[in-house]
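Undergrad: My questions concern the predicted model and sequence given below.
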There are 2 protein chains.
Amino acid sequence: MSPRAALLPKLGEVFRTYGYEGASLTLITAATGLGKGSLYHLFPGGKAQMAKEVLAEIDQWFEREVFAPLRDREDAKAGIAHMFKATDDYFRSGRRVCLVGVFALGAARDEFADAVQGYFDRWREALAGALRRAGHPRAEAMELSEDILAGIQGALVLARAADDPKLFSRSLTRLKRRAASR
Amino acid sequence: MSPRAALLPKLGEVFRTYGYEGASLTLITAATGLGKGSLYHLFPGGKAQMAKEVLAEIDQWFEREVFAPLRDREDAKAGIAHMFKATDDYFRSGRRVCLVGVFALGAARDEFADAVQGYFDRWREALAGALRRAGHPRAEAMELSEDILAGIQGALVLARAADDPKLFSRSLTRLKRRAASR
DNA sequence: GTCTATATAGGGATAGAC
DNA sequence: GTCTATCCCTATATAGAC
């Protein structure tokens, strides 16, 4: 494992918790145990490069654990079930927010527009395809995929607002049910 | 209208756009046309006080335009319809994100926990009551109120991520339909 | 009540020793 | 590859003239 690969999850947690603007190099050095010199040696582009690589790593994780199963599994329903499980794991059952969502809402969205847009877009598209293959009519699969993604993001917002992870679990359960309703 | 009251909406837009950490006094002076001296004269508590008062003003607006109608309208369905209309207006049909949601996701949540928690909580409670009176069974009204709030917040995230306000309008239409389905 | 000037701290980023 | 020291800029906040 390259030193950089070991670093990305720690960087991710800082950006996730404090947002792009709030993630100061001081916080980053504390979280990683590396001095600024080392950080700039590894990421000459500074904070922007760190964020880009974190986003890319998240994208890869979802591509492997979520999007690909949705697209490729013979059994579409199993792919969808796998998505819900992976989503619950990734967001720690509501104790963790979505870094891409945090970036999407803030001013950083524009600087990282491609990554932000691509993440949700490919998720939605893969999900819509699976729903379609699981028996939902085309138009309904499109709508439902939007509802499910929005439901997940919204539940993360509400769970963090209320400081109540269970809210996320409850929402996820109902979304699962809607996905299966056919 | 007090000078302070005229200021709050402008402050709100800065916090909404840049988040609490990202909303620098330089951006705030640009948006308000006031120098730092004037700002500290009006808000001795600095940024934190500005944010608190902005949150309070938003809370008042929703209390008047959304929560009260949900609670008090004789015709519960009319109250719900009014909520959707006011919500669409407030978020400019998806071109504006939710400041409380932005705060909820970030590190500022803890400093403004009461305002953030109260906003969603009272919204959800008022909506659940109206759904109940509109004919939804108690348990279902509770769940549906959570789904609708999460749907709204999530749609705002996705609409901004995709830079496509229509996504918000579509979602809102479907949420309206679910609220009416009984 | 508004401004300019200033104080002090922390921001991101770089240089160079080791 | 990591650190410390340092640069320059912007941050929040204050003081005091007008």
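TA: Received it, and whenever you're ready, just let me know what you need. Numbers count the residues shown, from 1 in each chain, chains lettered A, B, ... in the order given.
Undergrad: Write out the residues of chain A neighbouring DNA strand D.
TA: For chain A, the contact set with DNA strand D under CB under 7 Å from any atom of the strand comprises A:Pro3, A:Gly33, A:Leu34, A:Gly35, A:Lys36, A:Gly37, A:Ser38, A:Tyr40, A:His41, A:Leu42. Bear in mind the C-beta positions are built from the backbone N, C-alpha and C, glycine included.
Undergrad: Go again with 10 Å.
TA: Within chain A, the positions near DNA strand D by CB under 10 Å from any atom of the strand are A:2-4, A:6-7, A:21, A:25, A:29, A:32-42.
Undergrad: Around DNA strand C, which positions in chain A sit nearby?
TA: Contact residues, chain A versus DNA strand C (CB under 10 Å from any atom of the strand): A:18, A:20-30, A:35-41, A:43-50.
Undergrad: okay but A:Asp88 is in contact with A:Arg170, surely?
TA: No: using CB atoms under 8 Å as the test, A:Asp88 is too far from A:Arg170 to be in contact (11.7 Å).
Undergrad: neighbours of the closest residue to DNA strand D within chain A, just the number please.
TA: Across chain A, the shortest distance to DNA strand D (CB to the nearest atom of the strand) belongs to A:Gly37, at 1.6 Å. For A:Gly37, the count of nearby residues is 9 (other CB atoms under 10 Å in any protein chain shown).
Undergrad: Likewise for the one 3 residues further on?
TA: For A:Tyr40, the tally of surrounding residues (other CB under 10 Å) stands at 14.
Undergrad: Could you pull up phi and psi at it?
TA: phi -70, psi -20 (degrees, to the nearest 10).
Undergrad: Mind naming the longest helix for chain A?
TA: helix A:138-162 (DSSP state H).
Undergrad: ok, is it in contact with chain B or not?
TA: Yes: judged by CB under 8 Å from any CB of the partner chain, helix A:138-162 and chain B are in contact via A:143, A:146-147, A:149-158, A:160-162.
Undergrad: Name the member of these with the most neighbours.
TA: A:Val157 (31 neighbours).
Undergrad: which residue packs closest to it, ignoring adjacent ones?
TA: Nearest non-adjacent residue to A:Val157, counting by CB to CB, 6 or more residues apart in numbering or on different chains: B:Gln153, 4.4 Å away.
Undergrad: Also A:Asp164?
TA: Counting by CB to CB, 6+ apart, A:Gly94 is the residue found nearest to A:Asp164 once chain neighbours are left out, at 7.7 Å.
Undergrad: what ranges of chain A fall below the confidence cut-off?
TA: Residues of chain A meeting the criterion pLDDT under 70: none.
Undergrad: and if we set it to 90?
TA: By pLDDT under 90, the low-scoring segments of chain A are A:1-4, A:181-182.
Undergrad: What strand or helix carries the nearest residue to A:Lys176 once chain neighbours are set aside?
TA: With sequence-adjacent residues excluded and distances taken as CB to CB, 6+ apart, A:Lys176 is closest to A:Phe84, at 5.1 Å. Assigned by DSSP states H and E, A:Phe84 belongs to helix A:76-90.
Undergrad: wait, does the helix or strand that comes right after that helix contact chain B?
TA: Downstream of helix A:76-90, the next assigned helix or strand under DSSP H and E is helix A:99-105. Yes: against chain B, helix A:99-105 shows contacts by CB under 8 Å from any CB at A:Val100, A:Gly101, A:Val102, A:Ala104, A:Leu105.
Undergrad: of all those residues, which comes closest to B:Arg109?
TA: B:Arg109 has its nearest neighbour among those in A:Val102, at 11.4 Å by CB to CB.
Undergrad: Now the residue located most distally from the centre of chain A. Its backbone dihedrals?
TA: The centre of chain A is farthest from one residue, A:Gly37, which by CA atoms, centre = their mean lies 29.6 Å away. Main-chain torsions, A:Gly37, degrees, to the nearest 10: phi -60, psi -50.
Undergrad: ok, it to A:Pro44 distance?
TA: 12 Å (CB to CB, to the nearest Å).
Undergrad: now do A:Leu144
TA: The value you get for A:Leu144 to A:Pro44, if CB to CB is used, is 44 Å.
Undergrad: show me the contacts for the residue lying closest to A:Ile148 once chain neighbours are set aside.
TA: Using CB to CB, 6+ apart and skipping the chain neighbours, the partner closest in space to A:Ile148 is A:Leu175 (5.1 Å). For A:Leu175, the contacting residues are A:Phe84, A:Asp147, A:Ile148, A:Gly151, A:Ile152, by CB atoms under 8 Å, 6 or more residues apart in numbering or on different chains.
Undergrad: Kindly report the same for A:Arg174.
TA: Listed by CB under 8 Å, 6+ apart, the contact set of A:Arg174 reads A:Gly151, B:Glu143, B:Asp147.
Undergrad: Quick check: chain neighbours aside, which residue is closest to the second one?
TA: In space, B:Glu143 comes closest to A:Arg174 once its chain neighbours are excluded; the distance is 6.3 Å by CB to CB, 6+ apart.
Undergrad: same question, the first one
TA: Here the nearest residue to A:Gly151 in space, its sequence neighbours aside, is A:Leu175; by CB to CB, 6+ apart that works out to 4.8 Å.
Undergrad: what do you get for A:Gly118?
TA: A:Asp59 (7.0 Å).
Undergrad: For the closest residue to DNA strand C within chain A, grab phi and psi.
TA: Residue nearest to DNA strand C within chain A (CB to the nearest atom of the strand): A:Gly46, separated by 2.4 Å. Torsion angles at A:Gly46 (phi, psi; degrees, to the nearest 10) stand at phi 70, psi -150.
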